[in-house]
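> Just a sequence and a predicted model for now, questions to come.
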Amino acid sequence: MAALALTLLACAATRAAAQNVAQARAISQNEAAAMAKAKADSALHPYTNADVDFMTGMISHHAQAIVMARWAPTHGASASVQTLCSRIINAQRDEILLMQTWLRDRGKPVPDAVPRPMKMIMNGVEHEMLMPGMLTDEQMRQLDAARGNDFDRLFLTYMIQHHTGATKMVKDLFDTYGAAQDDLVFKFASDVNVDQTTEIARMQRMLAALVFGVEPK
Amino acid sequence: MVFDVHRPRTTSRHVIAASLALFATAACARSTVSTSTGAIGPTPMGGVMSTMPPSPDPRIGLKAGRFDAGEAAWNIRLLSTNPSQGPFANSTNSDLAFLGNYAIQGNYDGYQVWDISNRAHPTLKVSNYCPASQSDVSVYKNLLFVSAEGNYGRIDCGAEPVKDTVSKERIRGIRIFDITDIAHPRNLANVQTCRGSHTHTVVVDPKDPANVYVYVSGSAPVRSPNELAGCSNANPEEDPNSAKFRIEVIKVPLAHPEQAAIVSSPRIFNDLAAPPTHGAATADIAELNAARARGAFIVNVFGQEMVLPPYIAKPILDSIAKARGDSGHVTGADSAALRPLVQGMVDKMIGPPGPKRGPTQCHDITVYPAIGLAGGACEGYGMLLDIRNPTAPVRLAAVSDSNFSYWHSATFNNDGTKILFSDEWGGGGQPKCRATDPRDWGADAIFTVEPDHSLKFQSYYKLPAPQTSEENCVAHNGSMIPIPGRDVMAQAWYQGGISVFDFTDAAHPKEIAFFDRGPVNAEHMAGGGSWSAYWYNGVIVSSEISRGLDVFELTPSGLLSQNEIAAAKTVHFDYQNTQGQPQFVWPASFALSRAYVDQLERSNGLSSSRISDVRQSLASAEGASAGQRRDALNKLASQLDGDTSASSDAAKVRLLATSVRELAAK
């Protein structure tokens, strides 16, 4: 078991290897069965383009959180911020797999876990748009340049912004006709909403403690 | 799909996993044979019975498969697996309630009622197709309550999803059925709530026989006010009727359950972050006033006034001066320019001011009416509530824990001196029991309930066996098992299986039995595993998300004797909602007294010669005529009174003496 987990971790470490795994999976019979099941499910609770866009966009969104969190050990983050970052990496990496599997089972394009703007077609013109709350390149550079206390403060500020954007994505999804009927999308989106709202509250307390030296109880 | 052959044993041949599983099954079978002869009676326990968990852990490397997975069991025996049928065959099974001989199993497409009179061969009594997630179920007398949360649930129980974002067809809230004739349920009422019902809790107020109450916990987003009037997603300072930061209480008049309606929406989270205890101190207030007098920037952080530290203020002032073209010389005008902006800057960074309200909702609330308390598992907090007035619960204590991601459920021990909270890290769909996942994340946290109703952390308990990346696994629903004199719980860990553990010593919880299967799918995560594992009238019933209803019995071991199991089986309920925690009361029985004797042997609370004397006395009393039995038992009880002072486990000796005396009076 331990060996298996290590193998999987190693796989996750290199994207190339992960893609091989993904390709191997795509052709397996189990995958065909999963797709058949997904089709059967979606006959009952059909998904919409909004669900696909949400799952696709959230992969990039999560991927950026992971990039930010991975800087903690090298940027002199405090122990509590490092713990927070470990949790964000662990949670969001698993959720990316969930979203990729959901898309793959439905025969949709499966984006890699890299932060990038979504291509949106508006009025017939393609625009590149960051998902709500995602950091701009300038903000990312600023965070990457910070060390120690400054890193902690910027990280918490930006991750609050980032998580707040995720909860907005959930709200937008729920406000869309026919969306979030699919059990997995409904549960995942609801979980993102409560988990990240809870984490925002935790980060606000951490940030207040950092800035003011006292944690308001 | 046909599930006529659903429980093949691990007889596979070609992988190491299978041989490990085979070893596990064999080991389990051996221990069953060696222990099942320890029938009720003066048979000494211990010695021949192992207290050691099997090594290597047989849960590791189990073969995958939905209905042909490898299985590992220790001190527990699977009596039957009953796959969901018909339209339920491929949808998610959820929580359980019990009524008489029936186990009512929620499902995202409705619920199924199993007759478990014959636990080795339960039969499907009826199923009610009525889609809604999560279909959390509870019963009270002739009423069945079902949670509806997902967007697709229809009032008319139809299959066609509700696509409109605003629709009068949608149900998010509580469905109430009359199950006087369980085979023909009748939908009496639907109580709609703003966030729907993820879970709910039926509250039986011992002082109010005319009504029952339902606490609704809904963690999904707030629905549109156009769909349900009055629903508001704003914060309470913007809209006092906000549907966030409150729970809903439904009152169900038993004479007219069709009139069930929301009667209160207690804001149990208000002021959760009241100023710290030292905030009110005179010295602090003086310091703040002094800072104000010298012109420092005072900002409101979570309802508390604080001085903005100079290292934050200075660079901002510098930049204002610089913008003015005068770097390095901050003037009073610069300060004055900053003053009206500073609160907004802090708000942007940390969050809006105003009272800290804590979580916006609970995930689940377990009420324990016999002691007037409830445990609320509410997003970032675990709470202790006073529920003596059920429509106005009062928060007594709240705890948070940086290791906890999401407070999910609560369970009291029987005497209400401990409370266990679970952390559903990852929401239940993620594999959080891998060897690489921290042991204190996604675990249970065990607290003692102190005399002043504060909660004191004691320890974490997490499933001891690592699971694969293909198994969703985290702490989930469980119940107390009525082992007298001990705190023993059965708990579901999704695809981590079922773990039975003892937390009598709150600082050192210990697993005493387990059951596990391999992953549902070997190659990718397929949701499954035990949603709930609850003790009910002598068996452990588990709702398996994708595999059906499992029924188990405990088997004796060095960690749990035959007498303790027999005593647990003397506790009987007519119905059970696990989140309406029932109090165990053990009727006097020879099994009960023998269970205490076994525990005194285990704790060395009595000498081995006294143990065998007491066992002998109990055996001869049991065989004697009524009059002689009474005299013999009273005599034994008096002797045990005398043993108390010398015993290192005096409390247990007293329990034993009382049980013997009650047996004499029976």
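Looks like it came in fine. Residues are numbered from 1 along each chain as shown, chains lettered A, B, ... in the order given.
> How about residue B:611, nearest residue that isn't a chain neighbour?
Of all residues not flanking residue B:611 in the chain, residue B:601 sits nearest, at 4.9 Å (C-beta to C-beta, 6 or more residues apart in numbering or on different chains). (Glycine included, C-beta is placed from N, CA and C.)
> Checking the one you found next. Helix, strand or coil?
helix (DSSP: H, G, I helix; E, B strand; the rest coil).
> Report the distance from the host helix or strand of residue B:365 to the chain centre.
Here residue B:365, judged by DSSP states H and E, is contained in strand B:364-368. Distance, stretch centre to chain centre, for strand B:364-368: 8 Å (C-alpha atoms, centre = their mean, to the nearest Å).
> pLDDT on it, on average?
The average pLDDT within strand B:364-368 is 97.
> Equivalent analysis for stretch B:167-176, please.
Average pLDDT, stretch B:167-176: 96.
> Ends of it, what's the gap?
Start-to-end span of stretch B:167-176 (C-alpha to C-alpha, to the nearest Å) is 20 Å.
> again, but for stretch B:385-399
12 Å.
> Check stretch B:598-615 too.
Stretch B:598-615 has an end-to-end distance of 9 Å (C-alpha to C-alpha).
> Same check on stretch B:570-579?
For stretch B:570-579, the end-to-end distance is 21 Å (C-alpha to C-alpha).
> what distance separates it from the centre of its chain?
On the basis of C-alpha atoms, centre = their mean, stretch B:570-579 sits 16 Å off its chain's mean C-alpha point.
> Contacts only, for residue B:550.
Contacts for residue B:550 (C-beta atoms under 8 Å, 6 or more residues apart in numbering or on different chains) come out as B:78, B:80, B:81, B:82, B:515, B:530, B:541, B:542, B:544.
> quick one: average pLDDT of stretch B:49-64?
Averaging pLDDT along stretch B:49-64 yields 94.
> now stretch B:422-442
Averaging pLDDT along stretch B:422-442 gives 94.
> Just the buried positions in it, please.
Within stretch B:422-442, the residues that count as buried by 16 or more other C-beta atoms under 10 Å in any protein chain shown are B:422-435, B:437-438, B:440-442.
> Looking at the contacts of residue B:550, which are in helices?
Taking DSSP state H, every one of these sits outside helices.
> any residue of the longest helix along chain A up close to chain B?
Criterion DSSP H: the longest helix present in chain A is helix A:183-212. Yes - using C-beta under 8 Å from any C-beta of the partner chain, helix A:183-212 reaches chain B at A:183-184, A:186-188, A:190-191, A:193-195, A:197-202, A:204-205, A:207-208, A:211-212.
> Please identify the helix or strand for residue B:499.
With DSSP H and E as the criterion, residue B:499 is inside strand B:498-502.
> partners of the helix or strand just after the strand holding residue B:365 in the sheet?
Later in the chain than strand B:364-368, the nearest helix or strand by DSSP H and E is strand B:373-378. Strand B:373-378 pairs in its sheet with strand B:364-368 (antiparallel), strand B:381-386 (antiparallel), by DSSP bridges.
> Name the SS class of residue A:149, please.
Three-state call for residue A:149 (three-state DSSP): helix.
> Isn't it up against residue A:210?
Yes - contact criterion C-beta atoms under 8 Å: residue A:149 and residue A:210 qualify, at 7.2 Å.
> higher neighbour count, those two?
The neighbour count for residue A:149 versus residue A:210, taken as other C-beta atoms under 10 Å in any protein chain shown, is higher for residue A:210 (18 against 15).
> So for the more buried one, what pLDDT did the model give?
88.
> For it, give me its contacts.
Residue A:210 touches A:149, A:152, A:153, A:156, counting by C-beta under 8 Å, 6+ apart.
> Quick check: of those residues, which has the highest neighbour count?
Once you tally neighbours by other C-beta under 10 Å, residue A:156 ends up highest among these, having 26 neighbours.
> Could you list the buried residues of the strand or helix carrying it?
Applying DSSP H and E as the criterion places residue A:156 in helix A:148-174. Buried residues in helix A:148-174, counted by 16+ other C-beta under 10 Å: A:151-163, A:165-167, A:169-171, A:173-174.
> quick one: the helices in the stretch 1-150 of chain B?
Ranges of helices in the stretch 1-150 of chain B, per DSSP state H, counting those that start in this stretch, are B:16-35.
> for chain B, that is, sorry about that
B:16-35, B:282-293, B:310-323, B:332-350, B:562-568, B:590-602, B:608-623, B:626-643, B:650-665.
> which residues touch the third one?
Just to be clear, that refers to helix B:310-323. Applying C-beta under 8 Å, 6+ apart, the contact partners of helix B:310-323 are A:211, B:296-297, B:327-331, B:334-335, B:337-338, B:342, B:345.
> Show me how to select, in ChimeraX, the buried members of those.
Written as a ChimeraX command, the selection of buried residues from these, which uses 16+ other C-beta under 10 Å, is:
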select /A:211 /B:296,297,330,334,335,338,342
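> Let me have the contacts of helix B:310-323 in CSV, adding distance to residue A:104 as columns.
Converted to CSV, the contacts of helix B:310-323 look like this (distance: C-beta to C-beta, whole Å):
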residue, distance to residue A:104
A:211, 43
B:296, 57
B:297, 53
B:327, 57
B:328, 59
B:329, 62
B:330, 58
B:331, 62
B:334, 57
B:335, 58
B:337, 55
B:338, 52
B:342, 49
B:345, 44
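> if we can go back for a sec, which other helices and strands contact the strand holding residue B:499?
Packing contacts for strand B:498-502, counted by 3 or more C-beta pairs under 8 Å, 6 or more residues apart in numbering or on different chains; DSSP states H and E, involve strand B:488-492, strand B:510-517, strand B:539-544.
> measure the most centrally placed residue in chain A to chain B for me?
By C-alpha atoms, centre = their mean, chain A has its centre lying nearest to residue A:62, at 2.0 Å. With distances taken as C-beta to the nearest C-beta, to the nearest Å, residue A:62 is found 13 Å from chain B.
> and that residue, what does it touch?
So residue A:62 contacts A:92, A:93, A:95, A:96, A:99, A:113 (C-beta under 8 Å, 6+ apart).
> quick one: which of those is nearest residue B:195?
Taking C-beta to C-beta as the measure, residue B:195 sits nearest to residue A:95 out of the contacts of residue A:62, at 22.0 Å.
> So residue B:427 is in contact with residue A:193, correct?
No - in this structure, residue B:427 is not within contact of residue A:193 by C-beta under 8 Å, at 10.7 Å.
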